[in-house]
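# heads up, no residue letters with this:
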């Protein structure tokens, strides 16, 4: 499916874009585990739901009193059908009362119900509920965003408002917990997981797939409890008043198998179309993310038209996929409705005939039809439960796929790495992204404290891959990396990376202030430490010209800075972190000659009491390094100082320098 996350490494699991019913059921069971931290809140919600059933039982009886004994002439002491036990005390109080008194008493009861539960009639449209949803478009993203913030109650009024507000808070807490666990999991994935991934798809999964848990958990937990409770409660009352085995009860309960049989064939199709809808939605999100991230390139190359066409195509595809999903849902609903219309018609005929024959009163119609509606609605909820959670199950699957990707993890029994002091050693390291295509082969070297170590070589030689081995961004296929003689595979990642600051070739800045960016790796850094680092990196004077100095926001990805300014700020951030091991990947590639010289001097200064490794192509950056390691085709061809390597007639480093300088070395 377009927009699906590809695997970054061979051997990782492949995403199942068409889960079976059994797999959907497994995902639902897994989703329910996230309810555990909110067990108390869900018990309260269940209690509020059960409490809301009671007004539904009470509502019809005052209306029956009005119809039969106020409008009609029936004696309230001798009704055609008795009143239930919980209403009889109220009726006993009204025996001998005038019609006006009966009307006032009945209206007063309905008014109290109106205040408490927002309901005052007997038809479904008169039993108000409390719910609220955000404005949503006709696509999966905005529809599912509603599920992350929804609040609802079976009743209205004061009690319904309490239930509604409580449910909204529970909804948001559940989604926050679920979304945070996914984001936390993503943070622990290896860097290479998203090398080939479109970030927009990951954003879609975090923001728009995670709300699926609300729909699933509420339906799976509340419906199997609330619907049977409502059926049992109403059937018990009907049996007391109208006798056990009433056709009204049996016909209402028949809705359960009728709806189940009518909708079950749609489950698989709805699940598949839900998966396609989410996939096309994530493609649209990705297109927006890529277009905005690369807007400079798009505008400079005159590609606005092509990008607009690409977005139009993806956006239209997203809406089409959602319309297909809605169409299938409508087909399922219509099938169940047509099947249920016969049952409903039968109930009307049965009740009407019994009223004509005198076995029931007109007021009984005001009781039987609402009760029938409650039983039928509850039966429909149970019968359609499996179909209604199908689309949401695809959202769960997309989230769980990310959660199940192999993450960076400490091996059992890992120790804490002490502060690095002397040497990083790479011993016979080999690595390949794909089989039969090695990137590194038998690489060995040492980088010592007090000596700047530089990786030099042509593009694709494996320099960055080799540097990634040290903080364990990548794990060697063979050989090992040690720090002061300790194998990095045997220490915790947190303690290892606490010892290392890595400045990437592509600068990574946040939409935050200069100060917040500088303190990313050292939250306790003082203003003096930050200024000293910025001075060393050659950006302090520029920061002083900003409107708010160190408290100036930089915009998305540091958008207010030039490429060179971003690079210098990244170097300053590394210096603020003050780790014992510092690795710089092309730290001067975007700097002018003067600033480059200043940064090169700063690197030499930092190397006096740290282990500093720099990857560079520019000769001026590495000329004064204590050790230069020349790589080509994943192998170390030479090691030594600049003077030593230039003394090798015809040596690879010397040829590299001669090509860069444009003339033969003397």
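Here it is on my side, so go on. These numbers come from a predicted model, not from an experiment.
# Could you check how far the closest residue in space to residue 219 that isn't next to it in sequence is from residue 435?
Excluding its sequence neighbours, the residue lying closest to residue 219 (CB to CB, 6 or more residues apart in numbering) is residue 389, at 5.4 Å. Any C-beta I mention is one placed from the backbone N, CA and C, and that applies to glycine too. Going from residue 389 to residue 435 by CB to CB, to the nearest Å gives 41 Å.
# With neighbour numbers in mind, choose between those two.
residue 389 (26 against 8; other CB atoms under 10 Å).
# Am I right that the more buried one is in contact with residue 29?
No - with contacts counted by CB atoms under 8 Å, residue 389 stays clear of residue 29, the gap being 12.0 Å.
# Check which helices and strands the helix or strand containing residue 101 is in contact with.
Using DSSP states H and E, residue 101 sits within helix 99-117. Contacts defined by 3 or more CB pairs under 8 Å, 6 or more residues apart in numbering; DSSP states H and E place helix 99-117 against helix 39-58, helix 60-65, helix 88-94, helix 157-187.
# Please identify the most buried of those helices.
Across the helices and strands packed on helix 99-117, averaging neighbours per residue (mean count of other CB atoms under 10 Å) puts helix 60-65 on top, at a mean of 24.
# If you average the pLDDT over that helix, what comes out?
Across helix 60-65, the average pLDDT comes to 90.
# Walk me through the domains of the chain.
21-404, 423-499+581-592+606-666, 507-578 (automatic domain parsing).
# re the thing from before, got a pLDDT number for the residue nearest to residue 219?
86.
# again with residue 541
88.
# dump the residue contacts of residue 613.
Contacts for residue 613 (CB atoms under 8 Å, 6 or more residues apart in numbering) come out as 424, 447, 453, 454, 455, 467, 470, 581, 582, 583, 584.
# which residues are in contact with the host helix or strand of the fourth one?
Following DSSP H and E, one finds residue 454 within strand 452-456. Strand 452-456 is contacted by residues 445, 447, 463, 466-467, 603-604, 607, 611-617, 621-622, 624-631, 653, 656 when judged by CB under 8 Å, 6+ apart.
# List just the nearest of the contacts of residue 613 to residue 53.
residue 470 (63.6 Å; CB to CB).
# So which of the contacts of residue 613 are in helices?
Among these, the ones falling in helices (DSSP state H) are residue 467.
# Give me the buried subset of the contacts of residue 613.
Taking 16 or more other CB atoms under 10 Å as the criterion, what is buried in these is 424, 447, 453, 454, 455, 467, 470, 581, 582, 583, 584.
# would you list every one of the helices in the stretch 151-300 of the chain?
157-187, 199-204, 212-242, 247-253, 255-263, 267-293, 295-300 (DSSP state H, counting those that start in this stretch).
# Go through the ones you listed and find the least confident stretch.
Among the helices of the stretch 151-300 of the chain, helix 295-300 scores lowest, with a mean of 66.
# Downstream of it, the next helix or strand is which one?
Using DSSP H and E, the next helix or strand after helix 295-300 towards the C-terminus is helix 304-356.
# so what does the following helix or strand past that next one touch, helix or strand wise?
Per DSSP H and E, the first helix or strand lying C-terminal to helix 304-356 is helix 362-383. In terms of contacts (3+ CB pairs under 8 Å, 6+ apart), helix 362-383 is packed against helix 60-65, helix 212-242, helix 247-253, helix 255-263, helix 304-356.
# Please determine how far the residue nearest the centre of the chain is located from residue 34.
For the chain, the residue nearest the mean C-alpha position is residue 206 (2.2 Å; CA atoms, centre = their mean). Distance, residue 206 to residue 34, by CB to CB: 15 Å.
# same check, this time on residue 391
Relative to residue 34, residue 391 is positioned 19 Å away (CB to CB).
# okay, the two: which has more neighbours?
Higher neighbour count among residue 391 and residue 34: residue 391, with 24 against 16, using other CB under 10 Å.
# Check which helices and strands the one helix or strand residue 501 maps to sits against.
Element membership of residue 501, judged by DSSP H and E, is strand 500-503. Here strand 500-503 touches helix 563-577, strand 581-585, going by 3+ CB pairs under 8 Å, 6+ apart.
# Can you give the contact residues for the last one?
The reference is to strand 581-585. For strand 581-585, using CB under 8 Å, 6+ apart, the contacting residues are 420, 424, 464, 467, 470-471, 483, 499-505, 571, 574, 603, 606, 610-616.
# what's the answer for stretch 219-236, then?
Taking CB under 8 Å, 6+ apart as the rule, stretch 219-236 contacts 28, 32, 35, 42, 45-46, 49-50, 53, 56-57, 154, 249, 252-253, 371, 374-375, 378-379, 381-382, 385, 388-389.
# in that stretch, what counts as buried?
219, 220, 221, 222, 223, 226, 227, 230, 231, 233, 234, 235.
# what about residue 614, which SS state?
Going by DSSP: H, G, I helix; E, B strand; the rest coil, the secondary structure assigned to residue 614 is strand.
# how about the helices of the stretch 401-550 of the chain, start to end?
In the stretch 401-550 of the chain, the helices defined using DSSP H, counting those that start in this stretch lie at 463-469, 493-498, 514-518, 527-537, 540-545.
# Give me the mean pLDDT for the longest one.
Model confidence over helix 527-537 averages 88 on the pLDDT scale.
# Show me the shaky parts of the stretch 551-666 of the chain.
557, 590, 662-666 (pLDDT under 70).
# hang on, the earlier thing: of all the helices of the stretch 401-550 of the chain, which one comes closest to residue 588?
Here helix 527-537 is closest among the helices of the stretch 401-550 of the chain (CB to CB), at 10.6 Å.
# Who are the packing partners of that closest one?
helix 514-518, helix 540-545, helix 563-577, helix 593-606.
# Quick one, which of those gets closest to residue 111.
helix 514-518 (57.6 Å).
# Let me know the secondary structure of the residue of the chain positioned farthest from its centre.
Note on the chain: the largest C-alpha distance from the chain mean falls to residue 96, namely 64.6 Å (CA atoms, centre = their mean). Taking three-state DSSP as the rule, one finds residue 96 in the coil state.
# roughly how far is stretch 415-426 from the heart of the chain?
Relative to its parent chain, stretch 415-426 has a centroid offset of 37 Å by CA atoms, centre = their mean, to the nearest Å.
# wait, I meant stretch 51-62
The answer for stretch 51-62 is 40 Å, by CA atoms, centre = their mean.
# likewise stretch 530-544?
Distance, stretch centre to chain centre, for stretch 530-544: 38 Å (CA atoms, centre = their mean).
# same check, this time on stretch 632-646
The mean C-alpha position of stretch 632-646 is separated from the chain mean by 47 Å, CA atoms, centre = their mean.
# Touching that stretch from outside, list them.
438-445, 457-458, 461-462, 622-631, 648, 651-654, 657, 665.
# cool, stretch 327-342 as well?
With CB under 8 Å, 6+ apart, stretch 327-342 has contacts from 255, 258-259, 261-263, 266, 269-270, 273, 376, 380, 383-384, 387, 391.
# Mind doing that once more with 6 Å?
Defining contact as CB atoms under 6 Å, 6 or more residues apart in numbering, one finds that stretch 327-342 is touched by 255, 258, 259, 262, 263, 266, 269, 270, 273, 387.
# For residue 23, grab the count of nearby residues.
Per other CB under 10 Å, the neighbour tally for residue 23 reads 14.
# quick revisit: the helices of the stretch 401-550 of the chain: which one's closest to residue 350?
Set against residue 350 and scored by CB to CB, the helices of the stretch 401-550 of the chain come closest in helix 493-498, at 71.0 Å.
# which helices and strands sit right next to that closest one?
With contacts taken as 3 or more CB pairs under 6 Å, 6 or more residues apart in numbering; DSSP states H and E, helix 493-498 sits against no other helix or strand.
# distance between it and the chain's centre?
Per CA atoms, centre = their mean, the centroid offset for helix 493-498 relative to its chain is 27 Å.
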